[in-house]
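S.K.: got a sequence here, can you build the structure:
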Amino acid sequence: MELKLVTTHNKTKTVSKDEFLTKIKKDSFFYFHRDTSYKDLQDLIDEISTNHSVYFREVKYSLEENGYMYEMHII
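M.R.: You can find the predicted model right below:
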């Protein structure tokens with residue numbers, strides 16, 4: 001599973017699921033590019049939820065149809 005993270009200055013970085021799971025810490029935020037599969041993100045949330053609480057939402061940053069990204073807060 002490939003995940004596209006949004007980094008500073010709206011650049012994207014592609015990481016594997018296993019690589020992402022190693023970066024998880026309590027009280028951290030991650031932003032995912034809109035091209036990341038929603039189904040893959042739901043599967044990831046299910047896996048993370050066994051050890052952490054996860055808040056997940058779609059963030060709109062413009063009025064355009066594809067002006068959004070996904071935000072994940074791990075508590």
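S.K.: going forward, measure contacts and count neighbours with C-alpha atoms only.
M.R.: OK.
S.K.: not counting its neighbours along the chain, what's nearest residue 35?
M.R.: Using C-alpha to C-alpha, 6 or more residues apart in numbering and skipping the chain neighbours, the partner closest in space to residue 35 is residue 4 (7.3 Å).
S.K.: okay, buried residues for the helix or strand where that neighbour lies please.
M.R.: Using DSSP states H and E, residue 4 sits in strand 2-6. If you call a residue buried by 16 or more other C-alpha atoms under 10 Å, then strand 2-6 has these buried ones: 3, 4, 5, 6.
S.K.: I'd like the distance between the residue nearest to residue 35 and residue 13.
M.R.: When C-alpha to C-alpha, to the nearest Å is the yardstick, residue 4 and residue 13 sit 6 Å from each other.
S.K.: next: residue 64.
M.R.: With distances defined as C-alpha to C-alpha, the gap from residue 64 to residue 13 amounts to 23 Å.
S.K.: ok, for residue 68, nearest residue in space, not its chain neighbours?
M.R.: Counting by C-alpha to C-alpha, 6+ apart, residue 60 is the residue found nearest to residue 68 once chain neighbours are left out, at 4.2 Å.
S.K.: which residues does the lowest-mean-pLDDT helix or strand in the chain contact?
M.R.: Considering only helices and strands, the least confidently modelled element of the chain by mean pLDDT, DSSP states H and E is helix 17-23, at a mean of 90. Helix 17-23 has contacts (C-alpha atoms under 8 Å, 6 or more residues apart in numbering) with 1, 2, 3, 44.
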